[in-house]
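A.B. asks: what shape does this take:
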Amino acid sequence: MKKIALQEVRDELPKYLRLAEEEDVVITDDGRPAGVLIGFRSEEDWEDYQLENDPRFLQMIAESRKELREGQGIRLEDIED
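C.D. replies: Have a look, this model is predicted:
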């Protein structure tokens with residue numbers, strides 16, 4: 001993870017967008033973390049990010065895990081091809 005001052009990011013945004021494809025870039029303001037620049041190498045990476053951060057999807061996962069703990073799920077072995 002790289003830390004970069006806000007002013008430097010403003011001056012060279014394209015450079016840091018390319019860097020963010022490889023690693024998260026922490027943007028600092030007066031030396032304090034202020035945000036994170038996250039890059040995407042592909043459209044698929046962007047779609048994955050959206051899904052992973054969608055509250056509705058996260059709620060569905062939580063509900064599914066709860067059902068599994070309560071014995072209401074279906075084992076993969078029980079699913080027919």
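A.B. asks: rest of the way, CA atoms for contacts and neighbours
C.D. replies: Noted.
A.B. asks: what's near enough to touch the spatially closest residue to Met1 that is not a sequence neighbour?
C.D. replies: Using CA to CA, 6 or more residues apart in numbering and skipping residues adjacent in sequence, the residue nearest Met1 is Asp24, 5.3 Å away. Going by CA atoms under 8 Å, 6 or more residues apart in numbering, Asp24 touches 1-2, 36-39.
A.B. asks: going by distance to Asp45, which of the residues you listed wins?
C.D. replies: Of all the contacts of Asp24, Gly39 has the smallest distance to Asp45: 8.8 Å, by CA to CA.
A.B. asks: so that closest one, which state does it fall into?
C.D. replies: Classification of Gly39 by DSSP: H, G, I helix; E, B strand; the rest coil places it in coil.
A.B. asks: separation between the residue nearest the centre of the chain and Gly39?
C.D. replies: Centroid check for the chain by CA atoms, centre = their mean gives Tyr49 as the closest residue, at 4.4 Å. When distance is defined by CA to CA, to the nearest Å, Tyr49 is 10 Å away from Gly39.
A.B. asks: which SS state does the residue nearest to the centre of the chain fall under?
C.D. replies: Tyr49 falls in the helix class when you classify it by three-state DSSP.
A.B. asks: ok, now how distant is it from Arg41?
C.D. replies: From Tyr49 to Arg41 the distance is 11 Å (CA to CA).
A.B. asks: report the buried residues of stretch 20-27.
C.D. replies: 20-21, 23-27 (16 or more other CA atoms under 10 Å).
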